[in-house]
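Engineer: Build me a model from this:
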Amino acid sequence: MKRLIIAGLGLVLIAMSGVALARADKGARFERADQDSNGVITLEEMDQSRLARFSKADADGSGSVSRAELEAVAKGRMAKHLDRMWSHLDIDGDGEVSSAESAEHGARRFAMMDTDGDGGITLEEMQSHHKNKRGKHGQTE
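Structural biologist: Okay, here's the model as predicted:
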């Protein structure tokens, strides 16, 4: 369960920083998340990245992120898709994204991206996931 929470938290960070990454930026974002530079992002690496972004978004230090706080850090494509993103993040619908919700959402996303089930996400897996997601939602770049 602890590993699942860690995985989830990492993935929410991706969502909160614009998980619908622009192609040109994917490699750079991947490299930042791949802290040991081995070409694979683990749940632990994802969680560290997510925690940093979650803390930045949690401007009032309440331990939860409000819609207003998320809007304040939303940029580019993330801002365009804030309504859809918020509906996925605020799982209980209380108007706040708790650390637990962040973890749960992240764990689901990590599992979806880790297509070979080896406990790590490669750049190719991440790009494939985002390409499929864009197609599903009718987005183009």
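Engineer: got the contact list for residue 96?
Structural biologist: Residues in contact with residue 96 (C-beta atoms under 8 Å, 6 or more residues apart in numbering) are 62, 64-66, 90. For the C-beta atoms, the positions are set from N, CA and C on the backbone; glycine is no exception.
Engineer: So which of the residues you listed is the closest to residue 42?
Structural biologist: Minimum distance to residue 42 across the contacts of residue 96 is 23.8 Å, recorded for residue 65 (C-beta to C-beta).
Engineer: dump the residue contacts of that closest one.
Structural biologist: So residue 65 contacts 16, 54, 57-58, 96-97, 102 (C-beta under 8 Å, 6+ apart).
Engineer: could those go into CSV alongside distance to residue 76?
Structural biologist: Output for these, formatted as CSV (distance: C-beta to C-beta, whole Å):
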residue, distance to residue 76
16, 13
54, 19
57, 15
58, 21
96, 24
97, 20
102, 21
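Engineer: so which pair among the residues you listed is furthest apart in space?
Structural biologist: 16 and 96 (13.4 Å).
Engineer: tell me which element residue 102 is part of?
Structural biologist: helix 99-113 (DSSP states H and E).
Engineer: Tell me which residues of that helix come out buried.
Structural biologist: Residues of helix 99-113 classed as buried: 99, 101-110, 113 (neighbour count, 16 or more other C-beta atoms under 10 Å).
Engineer: How about stretch 52-71?
Structural biologist: Buried residues in stretch 52-71 (16+ other C-beta under 10 Å): 53-54, 57-58, 64-67, 69-70.
Engineer: CA-only coordinates of it in CSV, if you can.
Structural biologist: These are the backbone C-alpha positions of stretch 52-71, laid out as CSV (Å, rounded to 0.1, in the frame of the first residue of the first chain):
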residue,chain,number,x,y,z
ALA,A,52,8.0,18.9,-4.8
ARG,A,53,5.3,20.1,-7.2
PHE,A,54,2.5,19.4,-4.7
SER,A,55,4.3,21.5,-2.1
LYS,A,56,4.8,24.3,-4.5
ALA,A,57,1.1,24.3,-5.4
ASP,A,58,0.0,24.1,-1.8
ALA,A,59,0.7,27.8,-1.3
ASP,A,60,-1.1,28.0,2.1
GLY,A,61,0.7,24.9,3.5
SER,A,62,-2.6,23.2,4.4
GLY,A,63,-1.6,19.8,3.1
SER,A,64,-4.2,20.0,0.3
VAL,A,65,-4.4,21.9,-3.0
SER,A,66,-7.4,24.0,-3.8
ARG,A,67,-8.6,24.7,-7.3
ALA,A,68,-7.4,28.3,-6.9
GLU,A,69,-4.0,27.1,-5.9
LEU,A,70,-3.8,24.8,-8.8
GLU,A,71,-5.0,27.5,-11.2
